[in-house]
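# here are the coordinates; sequence isn't available:
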Ligand code: NAD
Ligand code: ISE
C-alpha cells in the first residue's frame with residue numbers, strides 16, 4: 001500500500017472532485033499530485049486559456065477529467081466540488097471571487113491577487129460568505145525546514161531581533177521585470193516571515209546594489225529589501241534572480257540568546273578529486289517538492305471536512321499590501337510605511 005492509499009483508507013472514502021484552472025508549469029505539477037500522489041481527490045475538470053495545454057495535461061495525467069470552455073464554466077459545474085487556481089497572477093482575483101460566489105473551496109496559487117485592492121475584494125467576499133473557502137499557495141509554511149526553524153524561534157533563541165535572508169534563482173525569463181522581484185519572488189518571504197515571527201510589517205525600503213551583468217535590461221538585479229515589523233524586528237532579504245549557481249533559499253534568525261538557520265535541503269556530501277562537495281538544487285519544483293504535497297493534502301482534507309486551513313485570504317491580502325509597499329519603495333527609493341486595516345473576525 002502506498003502512503004496515499006493508507007491515508008485514503010484511514011480518512012475518507014469520499015473524493016474531492018477538483019477542477020484545475022491553468023495547466024502550465026505549476027498547474028501541471030499540482031494536477032500530477034492530485035492524480036498520482038495525494039489521497040482524497042480526483043481531477044474532475046481542467047481549463048486553460050490554451051486548449052492545447054489543457055488537452056495535453058488531460059491526456060498525460062487526467063484522462064477522465066472534462067475539459068471546460070471557460071474557467072467560469074468549470075467553477076459553476078456540478079461535477080466540480082473545489083477549484084485549484086494555477087493560472088497567471090493577474091487572473092486569480094476573478095476566478096477566486098467566482099469560486100466564493102459558488103460557495104466552493106478554492107486553492108489559489110500565489111499571489112492571491114496582483115494588487116492589494118484585488119485581494120481586499122476577495123477578503124470582503126469571503127467575510128460576507130461567513131466561512132473560510134480560500135487557501136493561498138504559500139507552501140513554505142508547510143516546509144519541514146521552516147517548521148523546525150519556527151519551533152526553535154518560538155522557544156529557544158529568545159526574542160527575535162533580526163532576520164538575514166536570501167532568495168536566489170539561477171535565472172529568469174525575458175518577461176521577468178523589476179517589480180516581479182517583489183510580487184513574484186519576495187512574496188514568499190513576505191508571507192513566511194509574518195508566520196515565522198508572528199508579526200506584521202510597518203515599513204519597507206529597497207536598495208539596489210551594483211547590477212549583475214547576467215541580468216537582462218528590464219530587471220534590476222540583485223535587490224536588497226529591508227522590512228521592519230511592528231515588534232521592531234529588522235529583516236534584510238537579498239533577492240538575486242540571476243545568481244547562476246543554483247536555486248538557493250537562505251534564512252537566519254538572530255535572537256537575544258542565540259541564532260537559528262533554515263536547514264539546507266538534504267543532500268549527499270561527496271569527497272572526490274581532492275574536494276568536499278554538496279550539490280545545490282536548481283529548481284523551485286525540487287526545493288519545495290514535499291511542501292507542495294503537504295499543503296495540497298491539507299487543502300483536500302480541510303475541503304472534505306467543509307472548511308479551509310493554511311494561509312488564508314487575509315494572509316494573501318497582508319502579503320499584497322506589503323508587496324505594493326515594496327514596489328512603491330523600489331520606485332521612490334524611500335522608506336514606505338505599511339498599514340494593515342483591522343482584521344475581520346473570520347481571520348482572528
Ligand atoms: P505558466 O505560465 O507556466 O502557466 C500558466 C498557465 O495559465 C498557462 O498554461 C496559460 O496558458 C494559462 N492561462 C493564461 N491565462 C489564463 C486564463 N485567463 N485562464 C486560465 N488559464 C490561463 O505559469 P506558472 O509558472 O505555472 O505560474 C502559475 C501561477 O503559479 C502564478 O501565479 C505563479 O506565481 C504561481 N507559482 C507559484 C509557485 C510557488 O512556488 N508556489 C511556483 C511557480 C509559480
Ligand atoms: C516563482 O513563481 C516561484 O514562486 C518561485 O518559488 C520563486 O523562487 C520564483 O522567483 C518565482 O518566479
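Noted; the coordinates are in hand. This one's a predicted model, so the numbers in the text were calculated from it and none came from an experiment. Ligands and ions are numbered 1, 2, ... in the order given.
# could I get the full set of helices for the stretch 51-200 of the chain?
Using DSSP state H, counting those that start in this stretch, the helices of the stretch 51-200 of the chain run over 51-61, 71-76, 92-101, 116-129, 144-155, 180, 187-197.
# so what touches the second one?
It stands for helix 71-76. 19, 21, 45-47, 68, 80, 83, 87, 91, 94-95, 98-99, 102, 104 (C-beta atoms under 8 Å, 6 or more residues apart in numbering). Using the backbone N, CA and C atoms, a C-beta is placed for each residue, glycine as well.
# now the residues you listed: which count as buried?
19, 21, 45-47, 68, 80, 83, 87, 91, 94-95, 98-99, 104 (16 or more other C-beta atoms under 10 Å).
# between the residues you listed, which sits nearest residue 286?
When these are ranked by distance to residue 286 (C-beta to C-beta), residue 87 comes first, at 22.9 Å.
# thinking again about what came up before, out of the helices of the stretch 51-200 of the chain, which comes closest to residue 241?
Nearest to residue 241, of all the helices of the stretch 51-200 of the chain, is helix 180, at 8.3 Å by C-beta to C-beta.
# can you tell me if that closest one touches ligand 2.
No: Helix 180 lies apart from ligand 2 when judged by C-beta under 6 Å from any ligand atom; the minimum separation is 7.0 Å.
# run the chain-centre distance for that helix.
Chain-centre distance of helix 180: 14 Å, with C-alpha atoms, centre = their mean, to the nearest Å.
# which residues touch that helix?
Residues from elsewhere that reach helix 180 (C-beta under 8 Å, 6+ apart): 172, 219.
# average pLDDT across it?
Averaging pLDDT along helix 180 gives 97.
# separation between residue 151 and ligand 1?
Per C-beta to the nearest ligand atom, to the nearest Å, residue 151 is found 23 Å from ligand 1.
# burial measure for that residue, as a count.
Neighbours of residue 151 under the rule other C-beta atoms under 10 Å: 11.
# now do the contacts for the nearest residue to residue 324 once chain neighbours are set aside.
In space, and not counting its chain neighbours, residue 324 is closest to residue 116: 4.9 Å by C-beta to C-beta, 6 or more residues apart in numbering. Shown in contact with residue 116 (C-beta under 8 Å, 6+ apart): 317, 320-321, 323-324.
# relative to ligand 1, how far out is residue 116?
Noted for residue 116: a distance of 16 Å to ligand 1, by C-beta to the nearest ligand atom.
# try residue 19
Residue 19 is 11 Å from ligand 1, by C-beta to the nearest ligand atom.
# same question, residue 234
Distance of residue 234 to ligand 1, computed by C-beta to the nearest ligand atom: 26 Å.
# once you drop chain neighbours, what's closest to that residue?
residue 162 (5.2 Å).
# if I look at the one you found, what pLDDT would I see?
For residue 162, the model assigns a pLDDT of 98.
# same deal with residue 14?
85.
# in the chain, which helix has the most residues?
For the chain, the longest helix by residue count, based on DSSP state H, is helix 313-332.
# any idea how far it is from the chain center?
Remark: helix 313-332 is offset 15 Å from the chain centroid, using C-alpha atoms, centre = their mean.
# contacting residues for the residue most central in space within the chain?
In the chain, the centroid-proximal residue (C-alpha atoms, centre = their mean) is residue 138; its distance is 2.8 Å. Taking C-beta under 8 Å, 6+ apart, we find residue 138 in contact with 110, 188, 191-192, 195, 310-311, 315-316, 319.
# coming back round to it: would you mark the buried spots in the longest helix of the chain?
313-330.
# and for stretch 190-202?
Quick answer for stretch 190-202 (16+ other C-beta under 10 Å): 190-194, 196-197, 199-202.
# export these to CSV and tack on pLDDT?
Listed next are those as CSV, based on pLDDT from 0 to 100:
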residue, pLDDT
190, 98
191, 98
192, 98
193, 98
194, 98
196, 98
197, 98
199, 98
200, 98
201, 98
202, 98
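# near ligand 2 too, which of those residues?
Near ligand 2, by the rule C-beta under 6 Å from any ligand atom, you find none of the buried residues of stretch 190-202.
# quick one: which two of those residues are the most distant?
192 and 202 (17.8 Å).
# can you name the residues bridging to residue 237?
residue 165, residue 225 (DSSP bridges).
# just give me the neighbour total for the closest residue to ligand 1 within the chain.
Relative to ligand 1, the nearest point of the chain is residue 24 (1.7 Å; C-beta to the nearest ligand atom). For residue 24, the count of nearby residues is 15 (other C-beta under 10 Å).
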